[in-house]
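Undergrad: here are the coordinates; sequence isn't available:
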């Protein structure tokens, strides 16, 4: 009997942890923190493990709090969509009050950890949380321009690492911000394309034309081209202390051509499969770009 009680207790705790992982969008949060870590490595030769650890923990808690607040605000809309109806809040497995307690607790810890690095890191992080939860999230049901607003907090992590390492904001973190800012348009429009019918159930308006049509697919290709061009700025002499060698620039160009291929495929085929391929290629592009930038910096 005692063994059964312990087993039930363990299962309940595991289920709660699983719900917390979903609520914080754990894997997404880790990928966002990865961007910040990459930005940190690009900014300094003298790695400070304490600062790096604070950046990792603080960045994770800030992103996690944003995701919790987002799901708390959109709990009713999530309940209408097949993809999200089984999340902890719309399914009723977690109380709204519990989610908010975690959201504010994570925000508090995140601010505390990042403040120990420097004030600028805290400022940009809090700004990111504010824009994401208070502006982007409500706008998703009102206008496709929400994607433009949402691109701001989405682009901050890459530059945040540089700011954490240097306590300065200049041309270098500005370029890192710009690269990830432009990248988000083809990435999120591809997601919007794939999830269009589900998003319509919740009233979300994310595609630029509101439809899976030529206008939307053309803009995806258009922004992909600009993304490639902006990604190559560090190979010029106009990027301050942010450098990219010729071999690095060639690799980034090839990665960009692959993503452009899938963007053009979506414009030609206009299928969900093409959109899914573009999503995967865009994730690979931004992840590998950051790896290439860092490796190129230290070789």
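TA: Arrived safely. All of these numbers come straight from a predicted model, not from anything done at the bench.
Undergrad: all strands for the stretch 151-299 of the chain, in order.
TA: Taking DSSP state E, counting those that start in this stretch as the test, none of the stretch 151-299 of the chain falls into strands.
Undergrad: Run through the helices of it in chain order.
TA: Applying DSSP state H, counting those that start in this stretch to the stretch 151-299 of the chain gives helices spanning 171-194, 196-202, 214-231, 246-269, 272-298.
Undergrad: Quick check: buried residues in the first one?
TA: Which is helix 171-194. Neighbour-count burial for helix 171-194, counted by 16 or more other Cβ atoms under 10 Å, picks out 172-194. (C-beta placed from N, C-alpha, C; glycine too.)
Undergrad: Could you do the shortest one as well?
TA: Residues of helix 196-202 classed as buried by neighbour count (16+ other Cβ under 10 Å): 196, 199, 202.
Undergrad: now, among these, which is nearest to residue 37?
TA: Distance to residue 37, by Cβ to Cβ, is smallest for residue 199 among the buried residues of helix 196-202, at 31.3 Å.
Undergrad: Now do the closest one against residue 140, distance only.
TA: Residue 199 sits 8 Å away from residue 140, going by Cβ to Cβ, to the nearest Å.
Undergrad: what does residue 86 give?
TA: 20 Å.
Undergrad: Compare neighbour counts for these two and give me the winner.
TA: Set residue 86 next to residue 140 and count neighbours by other Cβ atoms under 10 Å: residue 140 wins out with 22 against 12.
Undergrad: wait, what's in contact with the more buried one?
TA: 74, 146, 150, 204, 205, 206 (Cβ atoms under 8 Å, 6 or more residues apart in numbering).
Undergrad: which one among those gets closest to residue 227?
TA: The closest of these to residue 227 turns out to be residue 150 (Cβ to Cβ; 16.2 Å).
Undergrad: So for residue 199 and residue 140, which residues contact both of them?
TA: Shared contacts of residue 199 and residue 140, defined by Cβ under 8 Å, 6+ apart, are found at 205, 206.
Undergrad: so what's the residue lying closest to residue 146 once chain neighbours are set aside up against?
TA: Using Cβ to Cβ, 6 or more residues apart in numbering and skipping residues adjacent in sequence, the residue nearest residue 146 is residue 139, 3.8 Å away. For residue 139, the residues meeting the contact criterion (Cβ under 8 Å, 6+ apart) are 145, 146, 149.
Undergrad: And residue 78, by the same measure?
TA: Residues near residue 78 by Cβ under 8 Å, 6+ apart: 71, 84, 85, 87, 89, 90, 202.
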